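> build the 3D model from these lines:
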Amino acid sequence: MNKPKIKALDIVFPVLSLVFLVGILTVFQPCGPREDGSWMSCHWAGRAVAGAAGAMLLLSVLRLVVRAGAKQGLDLALIALAALALALPGHLIGLCMMHDMRCHTLTAPCTAVLSCLMAAAAAVDLLLSLRKGK
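Reported below is the predicted structural model:
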């Protein structure tokens, strides 16, 4: 049985998705609870982004052990998950009404940057593998 070849780009995916997951849970997490202990909608947007980032991490690790053809499918899934993560805060799930809140100034921009980086890396890997297949 042939072992899959691990390229340098393959390591980028788990690292980037781990930074994304840990970041959304710590450094660029959305606003905290209100004074009465209830949560604003941006909290749930952050939790949904964390779920997407966790799924990206799982697929990224899976990419390390599968063959080239399966990696193409996982690249497509990573692109779709990155698009979902990008759309969650502020579009699919609302953020705070005040635009100077943490969710608007930190969570949404960091989510956008990391989502775009993940989608770009997956798109580059997909294009390189399709070009190599010709």
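> if I look at the residue nearest the centre of the chain, how far off is residue 35?
When CA atoms, centre = their mean is applied to the chain, the residue found nearest the centroid is residue 53 (4.1 Å). Noted for residue 53: a distance of 29 Å to residue 35, by CB to CB, to the nearest Å. All C-beta atoms are positioned from the backbone trio N, CA, C, and that covers glycine.
> sorry, back to before: which ones are touching the residue nearest to the centre of the chain?
For residue 53, the contact set (CB atoms under 8 Å, 6 or more residues apart in numbering) comprises 17, 20-21, 24, 85, 114.
> so where's the longest helix in this protein?
Identified as the longest helix of the chain according to DSSP state H is helix 108-133.
> tell me how far it lies from the chain's centre.
Its chain's C-alpha centre and that of helix 108-133 lie 10 Å apart, by CA atoms, centre = their mean, to the nearest Å.
> in it, which residues are buried?
Under the neighbour-count criterion of 16 or more other CB atoms under 10 Å, helix 108-133 has 108, 110-111, 114-115, 118-119, 121-122, 125-126, 129 buried.
> over to stretch 52-60?
Residues 52-57, 59-60 are the ones in stretch 52-60 that count as buried (16+ other CB under 10 Å).
> which pLDDT value goes with residue 53?
We have a pLDDT of 98 for residue 53.
> secondary structure class for it?
The local conformation at residue 53, judged by DSSP: H, G, I helix; E, B strand; the rest coil, is helix.
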